[in-house]
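Novice: Sequence first, predicted model second:
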There are 2 protein chains.
Amino acid sequence: MSGIAEVARLAGVSKSTASRALTGTGYVSESTRLRVIEAADSLRYVASTSAVSLATGRTQNIGVLMPYVTRWFFAEVLEGIQDALLARDLDLTLYDARHGTEGRHRIFEQFLARKRFDGLVAVGLEPGDDELERLVALNRPMVSVVGAGDGTSVIEIDDDDAARRATDHLIALGHRHIAFVGGTADGHWAQVDRRRWAGYRGSMSDAGLSAETLHVPSDVSLPGGYAAAVDLLGDARTRPTAVVATCDEVAIGTMIAARRLGIRVPTDLSVVGIDDHEYAEMFGLTTLEQVPREQGATAVDLLLRHIDDPELPPSVVRLHARLIMRTSTAPPSGTGSATFLDSPMGDTGMPA
Amino acid sequence: MSGIAEVARLAGVSKSTASRALTGTGYVSESTRLRVIEAADSLRYVASTSAVSLATGRTQNIGVLMPYVTRWFFAEVLEGIQDALLARDLDLTLYDARHGTEGRHRIFEQFLARKRFDGLVAVGLEPGDDELERLVALNRPMVSVVGAGDGTSVIEIDDDDAARRATDHLIALGHRHIAFVGGTADGHWAQVDRRRWAGYRGSMSDAGLSAETLHVPSDVSLPGGYAAAVDLLGDARTRPTAVVATCDEVAIGTMIAARRLGIRVPTDLSVVGIDDHEYAEMFGLTTLEQVPREQGATAVDLLLRHIDDPELPPSVVRLHARLIMRTSTAPPSGTGSATFLDSPMGDTGMPA
DNA sequence: TTGAAAGCGTTACCAT
DNA sequence: ATGGTAACGCTTTCAA
């Protein structure tokens, strides 16, 4: 409870001087500064954030807005953001705005309007028109990680390129029947999936495989990928020899489905994902790596620069996803050569 | 920017009256109340949270302290908390205090001391002595979800009982060689694992199987369970016929390892988990269900009651975990009868 | 280099 | 039922 007044009294100075000494703003002689700091320590003084905010107009707090917190990518980004914030002494208030929930509605209608933050980082948000309107009305610096960057700064991987290279990889191995699994099953395409689907088609088209293009709708989750793959792989005669999954969760669901169906990966089916998910190594999944944790940290860096300088023009950071080859991809069977890769950590030497 | 003063002016009343009308505190005639509210709406007035906090001493904000945000249980609890908070117009500031990080240190040393919250919910925290000291020094209401409830309120399932019933289930099926997989591999036991390990041993002991007791250390994660199981199941002669996993992630890792090794589940190996994880159904995993989302919501309810009434004595809510039987458990092979359960959604009719 | 005093935007007490 | 005013705890001119 002890306020700065007590600290000042104990140090034998005025509140103003105490404030200056503690915040490091303005002139204070070295000796009194030390005295004030010592007094503050001995009283275990901690400035009241609400008083500071009221006086300075800064909340020392950053808002994080995301549509999930349960999916790998989002949780990782969140931790990256938290780490960066922690290092800069900034608090984090979370707005978990799940699509179609009453909570999301309230977040946009009321919570954000409170402006309890100096800036906002939005992760994979895909806001509706009215939501977007609320966002701009806030008039606060904002950075997106994966997002509809309508004039705001954005950090994301090059999704089109990632999917294209995933597909290129399969084509280079000799595959021609390659399916794309992803794009949510309920008919609504997430923008990320749309871009990856475009990349896949681009690659197929470049290889003269436009006619072979196949979209298998799937919820963006492991069980979603599993269900979609069971459906896709059921009939051996129509089965593709390879799958590009929209993300690793879907890819892994696909691999599990394949195993259950007695289809060997990569002998009978090659699978590529995008992410380098926590489980990717264990499954030997070939994938295009992104590091969401770093994206979160980068977003914070950029946001703080926007806060410092409101004139800073928005920038788009497009990251390159690196291809990590593991054991889920190989030439299609009948091509002769088998897998040419080393076994991953998790490989037991048994048939996959 | 428009403050309550403007609202008051527009409505033709004093700030005090405007405040009363808006907060619903004190006497205001119905007519002026309406007038004030209309004025506020037309000005898009939103009270400054820092000013309100400063004046009332209430932050309208709840802190959430957890050691991960990436694991299923924690993410689910977090969403449960967020939902409950959203419904009550309360903000959420997140403290992701991962063990052994610099960030965790700073959270306990600085961030919490700012007391930017009216109360705290700690999830699976297991604080060290010094950390605990900081926590009590805050002198703020606190509720734990799974935790070292040293005099504070706690919500959790009955871990001992859950593990005991998981083990009972296997014993009832005729198993005698049952291993317990869990308790982190680095030698440090989480308290939850310790309690579940105790429940397992209790069940074994009651069945006269004390000598059969076997602990297989594993990181508490899917890859952790996978790695532990590969190690455990390698030799067919020493292999147990059943496994009690400390949680579903470990259980599923175990099932995946078994399949890779050509060990059929449940024919050659039965597996039980604890959680009812998002993936449990897809894997046909028999498990003891808990609903972390509800635990989070309950924690918020309880915390708010503690905030309203500082005299409220701490309570311990011990939840019952319900056994959900799926297809990962069956009598040991050689016992005759095979699985007696229906196939789960995800079952393809193929050997597991 | 230091101090006095005026805010920052609310709420809440005390009169009226 | 309503208004005036102090208070919340800090920062920040402005003088000295």
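Specialist: That came through fine. Numbering: from 1, shown residues only, chains lettered A, B, ... in the order given.
Novice: CA atoms for contacts and neighbours, from now on please.
Specialist: Fine.
Novice: Now do the end-to-end distance for stretch A:84-91.
Specialist: With Cα to Cα, to the nearest Å as the measure, the ends of stretch A:84-91 fall 10 Å from one another.
Novice: where's that stretch relative to the chain centroid, distance-wise?
Specialist: Centroid separation between stretch A:84-91 and its chain, computed with Cα atoms, centre = their mean, to the nearest Å, is 18 Å.
Novice: got the buried residues for it?
Specialist: Along stretch A:84-91, the positions that meet the burial threshold by neighbour count (16 or more other Cα atoms under 10 Å in any protein chain shown) are A:A84, A:L85, A:L86, A:L90, A:D91.
Novice: Quick check: of those, which lies closest to A:G262?
Specialist: Using Cα to Cα, A:A84 is the member of those that lies nearest A:G262, at 45.4 Å.
Novice: Now do the SS call for that closest one.
Specialist: What DSSP: H, G, I helix; E, B strand; the rest coil gives for A:A84 is helix.
Novice: can you tell me how far it sits from A:E289?
Specialist: 21 Å.
Novice: can you give me phi and psi for whatever residue of the stretch 151-300 of chain A ends up closest to DNA strand D?
Specialist: Taking Cα to the nearest atom of the strand as the measure, the stretch 151-300 of chain A has A:V300 as its residue closest to DNA strand D, at 22.3 Å. With angles defined as degrees, to the nearest 10, A:V300 shows backbone torsions of phi -60, psi -50.
Novice: buried sites along stretch A:24-40?
Specialist: For stretch A:24-40, the neighbour count (16+ other Cα under 10 Å) marks A:V28, A:T32, A:R33, A:R35, A:V36, A:I37, A:A39, A:A40 as buried.
Novice: At which residues are the helices of the stretch 101-250 of chain A located?
Specialist: A:102-106, A:129-138, A:159-173, A:191-206, A:222-233, A:248-260 (DSSP state H, counting those that start in this stretch).
Novice: For the second one, list every residue counted as buried.
Specialist: It stands for helix A:129-138. Per 16+ other Cα under 10 Å, helix A:129-138 contains these buried residues: A:E131, A:R134, A:L135.
Novice: now stretch A:294-311: mean pLDDT?
Specialist: On average, the pLDDT along stretch A:294-311 is 97.
Novice: Which residue is the nearest non-sequential neighbour of A:F74?
Specialist: A:Y68 (6.5 Å; Cα to Cα, 6 or more residues apart in numbering or on different chains).
Novice: What are the neighbouring residues in contact with the one you found?
Specialist: When the contact criterion is Cα atoms under 8 Å, 6 or more residues apart in numbering or on different chains, the partners of A:Y68 are A:F74, A:D96, A:A97, A:R98.
Novice: quick one, phi psi at it?
Specialist: The phi and psi torsions at A:Y68 (degrees, to the nearest 10) take the values phi -150, psi 170.
Novice: What pLDDT does the model give it?
Specialist: Model confidence at A:Y68, expressed as pLDDT, equals 95.
Novice: can you redo the helices of the stretch 101-250 of chain A as JSON lines with mean pLDDT and distance to DNA strand D?
Specialist: Output for those, formatted as JSON lines (pLDDT from 0 to 100; distance: least, Cα to the nearest atom of the strand, whole Å):
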{"stretch": "helix A:102-106", "mean pLDDT": "97", "distance to DNA strand D": "27"}
{"stretch": "helix A:129-138", "mean pLDDT": "94", "distance to DNA strand D": "22"}
{"stretch": "helix A:159-173", "mean pLDDT": "98", "distance to DNA strand D": "43"}
{"stretch": "helix A:191-206", "mean pLDDT": "97", "distance to DNA strand D": "42"}
{"stretch": "helix A:222-233", "mean pLDDT": "97", "distance to DNA strand D": "49"}
{"stretch": "helix A:248-260", "mean pLDDT": "97", "distance to DNA strand D": "47"}
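Novice: Which of those helices sits closest to DNA strand C?
Specialist: For those, distance to DNA strand C was read as Cα to the nearest atom of the strand. The smallest value, 14.9 Å, belongs to helix A:129-138.
Novice: and the closest one, does that touch chain B?
Specialist: No - applying Cα under 8 Å from any Cα of the partner chain, one finds that helix A:129-138 is not in contact with chain B, the shortest distance being 10.8 Å.
Novice: still on that earlier bit, return the closest of the buried residues of stretch A:84-91 with respect to B:I256.
Specialist: Top of the list for closeness to B:I256, among the buried residues of stretch A:84-91 and by Cα to Cα, is A:A84 at 35.6 Å.
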